[in-house]
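J.: give me the fold of what follows.
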Amino acid sequence: MTIPPSSDRKYRRSPRTPLLPERHGQLFEAQESGFDGASFSGAVFNLSTTIVGAGIMALPAAVKQLGLIPGVVMIVLVAMLTKSSIDLLLKFSRASKSATYPGVAADAFGEAGRTILQFCIIINNLGMLIVYMIIIGDVLSGTLVDGVHHRGVMEEWFGEHWWTSRFALLLLTTLLVFAPLISFRRVDSLRYTSALSVALAIVFVAITAGVVIVKLTEGSIKMPHLMPKLVNQASFWNLFTTFPVLVTAYICHHNVLPIENELKDPTQMKSIVRNSLILCSIVYVATSFFGVLLFGDHTLDDVLANFDGDLGVPYSSLVDDVVRVSYGIHLMLVFPIVFFSLRLNLDGLLFPYAIPIAFDNRRFFLLTAALMGFIFVGANFVPSIWDAFQFTGATAAVAVGFIFPAAITLRDNNGIATKKERLVSSLMIVLAVSSSMVAVTSDIYSIFNIEQGVGS
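T.: Residues are numbered from 1 along each chain as shown. Sure, this is the predicted structure:
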């Protein structure tokens with residue numbers, strides 16, 4: 001197949017057309033001969049993998065701050081709110097005949113809307129991928145928390161060497177694992193790795209639940225705080241720093257339409273979204289519940305770091321290693337799903353009139369290399385996943401997940417929004433903007449409070 005040069009205006013892409021060719025498009029069929037569309041189960045696994053990423057590791061710490069009952073309730077409420085926002089996105093994508101989320105934004109707000117949304121998706125996805133790599137580094141080489149070094153599995157197995165350092169292990173992971181997986185040009189190509197990643201997340205929950213059950217029978221589990229523990233003004237403001245973590249945990253909007261475009265039957269997408277959110281909510285609630293029961297007030301920002309000592313059960317060391325390694329592999333398999341959307345949106349932002357990136361090898365590999373380099377550097381310099389979640393969750397994630405779907409509905413260029421949808425959208429924007437502002441203010445307050453504590 002001969003690909004026309006990108007300089008030929010006949011083949012140049014309008015900013016409102018898909019960043020990748022649609023499933024039934026002529027170019028897509030030519031390149032993907034034999035591909036008859038993605039299956040229902042494959043789409044559920046891909047969307048679930050997009051959702052269940054690093055957020056699950058920070059949720060126990062969030063629930064610890066909120067208290068067990070409010071924390072679990074908030075996880076369910078955010079899932080319901082996410083379902084509503086995705087339903088709005090699907091409805092308006094069909095009305096505007098747009099195959100991408102930025103295309104829907106362009107239909108509602110023009111080029112400015114498309115550009116702002118793409119920028120938010122890029123910031124959100126970059127933040128998430130840096131978090132993934134930070135956690136993988138924590139698992140393999142360990143992490144430093146409050147002056148205490150929590151050893152990684154490679155340090156425990158082989159001791160401290162240059163090749164068990166964080167930099168060396170992340171470099172090897174990038175070259176040997178990420179590089180092959182991010183080279184795929186179609187989301188459905190990752191369906192098997194997505195199924196495995198979801199299975200590994202469930203393994204993590206099952207093992208954690210098993211440890212808790214064993215310790216409950218022995219009577220060595222302390223009752224966790226059912227409600228938030230408020231001792232001063234700082235502890236009150238810290239409650240709002242959990243909002244970005246909860247929001248980030250469910251962000252998948254950037255991959256909803258690419259997954260729908262590859263389906264054999266696109267009408268199944270709403271059922272796929274519902275099943276994925278139910279599955280992920282169960283995993284989230286179970287992880288948070290058992291994580292807080294197991295570690296209580298000692299739950300760390302990255303709960304995986306808690307699995308480096310004696311759990312008080314038989315074969316504790318083996319359990320620690322299985323938990324950390326299984327979830328480290330899970331994140332390695334999640335990485336390419338989120339990276340797919342990141343590369344797609346960055347390409348659309350930088351080269352809005354070029355041919356789809358799937359057909360330009362040079363652009364595909366240059367963007368891939370540049371993004372991986374940035375993520376690698378970020379993962380080696382960002383101090384913790386909580387810092388990354390607080391920044392991306394309170395800004396870009398809120399915009400991608402709630403503000404844009406609600407704003408598109410209120411704009412309603414196609415005149416299809418119902419009164420109920422307008423009301424829900426208005427409440428969604430008020431809740432998202434106010435929560436985001438409070439979360440950012442709380443983060444700033446916490447930073448200054450820490451600095452004052454250090455200086456005193």
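
J.: quick one: mean pLDDT for the longest helix along the chain?
T.: In the chain, taking DSSP state H as the definition, the longest helix is helix 101-141. Across helix 101-141, pLDDT averages out at 87.

J.: please apply the same query to stretch 256-267.
T.: 84.

J.: and it, how far out from the chain's middle?
T.: 20 Å (CA atoms, centre = their mean, to the nearest Å).

J.: any buried residues in that stretch, and which?
T.: 256, 257, 258, 259, 260, 261, 262, 263, 266 (16 or more other CB atoms under 10 Å). In short, each C-beta sits where N, CA and C put it, glycine included.

J.: start to end distance for that stretch?
T.: Distance between the boundary residues of stretch 256-267 (CA to CA, to the nearest Å) amounts to 13 Å.

J.: now residue 224: which helix or strand?
T.: Remark: residue 224 resides in no helix or strand, with elements defined by DSSP states H and E.

J.: same thing with the one 5 residues further on?
T.: Counting by DSSP H and E, residue 229 is held by no secondary-structure element, helix or strand.

J.: per-residue pLDDT, it?
T.: Per-residue confidence (pLDDT) for residue 229: 76.

J.: ok so, going back, closest one of the buried residues of stretch 256-267 to residue 367?
T.: Nearest to residue 367 out of these is residue 258 (CB to CB; 16.2 Å).

J.: so where's this structure shaky on pLDDT?
T.: Where the chain drops to pLDDT under 70, the residues are 1-37, 53-55, 143-150, 187-188, 230-235, 237, 241, 382-394, 439-440, 442-456.

J.: strands along the chain, start to end?
T.: Under the criterion DSSP state E, the chain carries strands at the ranges 143-145, 148-150.

J.: that older thread, pick the one among the buried residues of stretch 256-267 closest to residue 278.
T.: Nearest member of the buried residues of stretch 256-267 to residue 278, counting by CB to CB, is residue 256, at 15.8 Å.

J.: would you agree the closest one is in contact with residue 47?
T.: Yes - counting by CB atoms under 8 Å, residue 47 is a contact partner of residue 256 at 7.1 Å.

J.: hey, what's in contact with both of the two?
T.: Residues touching both residue 256 and residue 47 (CB atoms under 8 Å, 6 or more residues apart in numbering): residue 273.

J.: distance from stretch 285-303 to the middle of the chain?
T.: 19 Å.

J.: so which of the buried residues of stretch 256-267 is the closest to residue 339?
T.: Here the nearest of the buried residues of stretch 256-267 to residue 339, counting by CB to CB, is residue 258; it sits at 12.4 Å.

J.: wait, that closest one sits on residue 340?
T.: Yes - the pair residue 258 / residue 340 is scored as a contact, 7.3 Å apart, by CB under 8 Å.

J.: end-to-end on stretch 305-318?
T.: 15 Å.

J.: buried stuff in it?
T.: 305, 306, 307, 308, 311.

J.: quickly note the distance from the closest residue to residue 250 other than its chain neighbours to residue 253.
T.: Of all residues not flanking residue 250 in the chain, residue 82 sits nearest, at 4.2 Å (CB to CB, 6 or more residues apart in numbering). Computed as CB to CB, to the nearest Å, the residue 82 to residue 253 distance reads 8 Å.

J.: now do the same contact list for residue 43.
T.: 188, 259, 260, 262, 263, 268, 269, 272.

J.: please report how far the closest residue to the third one other than its chain neighbours lies from residue 261.
T.: By that I understand residue 260. Spatially, and ignoring its direct neighbours in sequence, residue 260 is nearest to residue 269 (4.5 Å; CB to CB, 6+ apart). Per CB to CB, residue 269 is found 10 Å from residue 261.

J.: then residue 41?
T.: From residue 41 to residue 261 the distance is 17 Å (CB to CB).

J.: how about residue 194?
T.: Counting by CB to CB, the gap from residue 194 to residue 261 is 16 Å.

J.: before we move on, the earlier item: surely the residue nearest to residue 260 touches residue 255?
T.: No - if you go by CB under 8 Å, residue 269 and residue 255 don't touch, sitting 11.6 Å apart.

J.: just the residues contacting stretch 169-185, thanks.
T.: 20, 133, 136-137, 140-141, 152, 154, 163, 190, 193, 332-333, 335-336, 339-340, 343, 358, 364, 368, 372, 376, 379-380.

J.: ok, the closest residue to residue 303 other than its chain neighbours - contacts?
T.: Counting by CB to CB, 6+ apart, residue 60 is the residue found nearest to residue 303 once chain neighbours are left out, at 4.5 Å. Neighbouring residues of residue 60 by CB under 8 Å, 6+ apart: 287, 288, 291, 292, 295, 299, 303.

J.: in CSV, list the residues you listed along with neighbour count and distance to residue 182.
T.: Converted to CSV, these look like this (neighbours: other CB atoms under 10 Å; distance: CB to CB, whole Å):
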residue, neighbour count, distance to residue 182
287, 24, 27
288, 27, 30
291, 28, 30
292, 26, 34
295, 20, 34
299, 22, 32
303, 26, 27
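
J.: those in helices, which ones?
T.: Reading helices off the contacts of residue 60 with DSSP H, I get 287, 288, 291, 292, 295.

J.: quick one: residues contacting the last one.
T.: If a contact means CB under 8 Å, 6+ apart, then residue 295 has 60, 303, 306 as its contacts.

J.: distance of it from residue 317?
T.: Residue 295 is 17 Å from residue 317, by CB to CB.

J.: picking up where we left off before, need the contact list for the residue nearest to residue 260.
T.: Residue 269 neighbours (CB under 8 Å, 6+ apart): 43, 90, 256, 259, 260, 263.

J.: pick out the most distant pair among these.
T.: 43 and 90 (12.9 Å).

J.: shared neighbours of those two, which are they?
T.: 260, 269.

J.: now residue 209: closest residue in space, sequence neighbours ignored.
T.: residue 290 (4.9 Å).

J.: actually, residue 255.
T.: residue 50 (4.7 Å).

J.: can you check residue 125 too?
T.: Closest to residue 125 by CB to CB, 6+ apart is residue 342, at 3.9 Å.

J.: kindly tell me how buried that neighbour is, as a neighbour count.
T.: 23 (other CB atoms under 10 Å).

J.: now do the one 10 residues further on
T.: The number of residues packed around residue 352, counting by other CB under 10 Å, is 20.

J.: and what of residue 141?
T.: For residue 141, using other CB under 10 Å, the count is 20.

J.: name the residues of stretch 64-78 that are buried.
T.: For stretch 64-78, by 16+ other CB under 10 Å, it's 64, 65, 66, 67, 68, 70, 71, 72, 74, 75, 78.

J.: just the residues you listed: which are in helices?
T.: Short answer: these in helices (DSSP H) are 64, 65, 66, 68, 70, 71, 72, 74, 75, 78.
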